[in-house]
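In: Let me see the structure of the following:
(one chain, ligands or ions: 2)
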Amino acid sequence: MYQEKAKILWNNRVGNQYYKIGLTCHNGYSDATPGQFIMLHFPGRMSPFLPRPFSIHSIINTGGRAAGIELLYKVVGEGTKMLSEHGKGEVVNILGPLGNGFMSSNHYKRIFIVAGGIGVAPMFFLASYLQTKGTDPFECMVFLGGRSKDDLLCADDFLHMGMKIHVTTDDGSAGDQCFVTHPLETALEMNLPDIIYACGPLDMLKCVAGIAEKHTVPCQVSMETVMACGMGACLGCAVEGKTASGNYMHVCSDGPVFDVRCLKL
Ligand SMILES: Cc1cc2nc3c(=O)[nH]c(=O)nc-3n(C[C@H](O)[C@H](O)[C@H](O)COP(=O)(O)OP(=O)(O)OC[C@H]3O[C@@H](n4cnc5c(N)ncnc54)[C@H](O)[C@@H]3O)c2cc1C
Ligand code: FES
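Out: Ligands and ions are numbered 1, 2, ... in the order given. Below you'll find the model as predicted:
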């Protein structure tokens, strides 16, 4: 884990409320895994008081080592608005990589990735990671959902990686007009995957978890909660675990990626 001042390499608008920001980082990020995140804070500013968590969207490699990370973010409030107003050459404080990422296995040959809205941010890193480290033969299907076409991100990136994608929107402005879990269930009924990975709104994750359970397919989800410290100290990110005692787990230190069998969703 590295606490550092990161220089902004770029901060480009990629959609209505969406931005991609490139940041310099310690070369130890070479070992970061998809699903891990950073806490970002603005130096010398009291507001917003707390750092904000963001998933690693991609690693910027130079000479085989990490020279930077890219984040994909949506402007939703004070912190993300302030971030969007920062430009190349400015500096932010970052702490990371944090948390536990998605677990992969050589046995996973047929993989389903489900991403809802800004939940696509860690899934692009996951898809490229799986493609590099994945087994041969390797088949990855991506289910990409958004409220409207403006909320569908990275579709071309997945296509360029040779992955099959199913696109859905709530308003029908792109792809099929339905929830992303509909084509997921249809595809599962045709041929079961070895694993489902998902990130997106809680209702989507609940539905994906239910589908995975029904078909007895392993499933890992990346959870989002409000976070204050990002490293297990404030206990502000607790979620209920699925044990007889109903113990609580912390999204920042036990997750953000969980096997759905461990969570009470
Ligand atoms: C592990 C993790 C990874 C994340 N990765 C990304 C990412 O890659 N890209 C991205 O755009 N966002 C990501 N988020 C969400 C991001 O941290 C919040 O959108 C951000 O903190 C909002 O800050 P703000 O000051 O702009 O908004 P605030 O003013 O703090 O809040 C604005 C609104 O967003 C809601 N909100 C704030 N934080 C969260 C949250 N964590 N989950 C759900 N709703 C929230 C608030 O309740 C409020 O309604 C991630 C969150 C977690 C926990
Ligand atoms: S954010 Fe502080 S314990 Fe998780």
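In: Backbone torsions only: list them for residue 131.
Out: phi -70, psi -40 (degrees, to the nearest 10).
In: Walk me through the domains of this structure.
Out: The chain breaks down by automatic domain parsing into domains covering 2-98, 110-262.
In: need these in JSON lines with mean neighbour count and mean pLDDT, can you?
Out: Just so you know, the C-beta spots here come from the backbone N, C-alpha and C atoms, and that holds for glycine as well. Rendered in JSON lines, the data for these read as follows (neighbours: other C-beta atoms under 10 Å; pLDDT from 0 to 100):
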{"stretch": "domain 2-98", "mean neighbour count": "17", "mean pLDDT": "95"}
{"stretch": "domain 110-262", "mean neighbour count": "19", "mean pLDDT": "94"}
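In: closest to residue 104 out of those domains?
Out: The closest of the domains of the chain to residue 104 is domain 110-262. By C-beta to C-beta, the value is 6.2 Å.
In: Tabulate the domains of the chain in a markdown table, adding columns for distance to ligand 2.
Out: Formatted as a markdown table, the domains of the chain follow (distance: least, C-beta to the nearest ligand atom, whole Å):
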| stretch | distance to ligand 2 |
| --- | --- |
| domain 2-98 | 8 |
| domain 110-262 | 3 |
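In: between those, which one is nearest to ligand 1?
Out: domain 2-98 (2.2 Å; C-beta to the nearest ligand atom).
In: Cross-check the contact I'm expecting between residue 117 and residue 148.
Out: No. Residue 117 is beyond contact range of residue 148, at 10.3 Å (criterion: C-beta atoms under 8 Å).
In: element containing residue 157?
Out: helix 155-160 (DSSP states H and E).
In: Packing partners of that helix?
Out: helix 120-133, strand 139-146, strand 164-169 (3 or more C-beta pairs under 8 Å, 6 or more residues apart in numbering; DSSP states H and E).
In: quick one: the helices in this structure?
Out: Secondary structure of the chain (DSSP state H): helices at 78-84, 120-133, 155-160, 181-190, 202-214.
In: among the ones you listed, which is nearest residue 65?
Out: helix 120-133 (15.0 Å).
In: what about the closest one, distance to the chain center?
Out: Centroid separation for helix 120-133 versus its chain: 9 Å, with C-alpha atoms, centre = their mean, to the nearest Å.
In: same check, this time on stretch 242-257
Out: Distance, centroid of stretch 242-257 to centroid of chain: 18 Å (C-alpha atoms, centre = their mean).
In: re earlier: what's next to the helix holding residue 157, contact-wise?
Out: Here helix 155-160 makes contact (C-beta atoms under 8 Å, 6 or more residues apart in numbering) with 124, 127, 142, 144, 165, 167.
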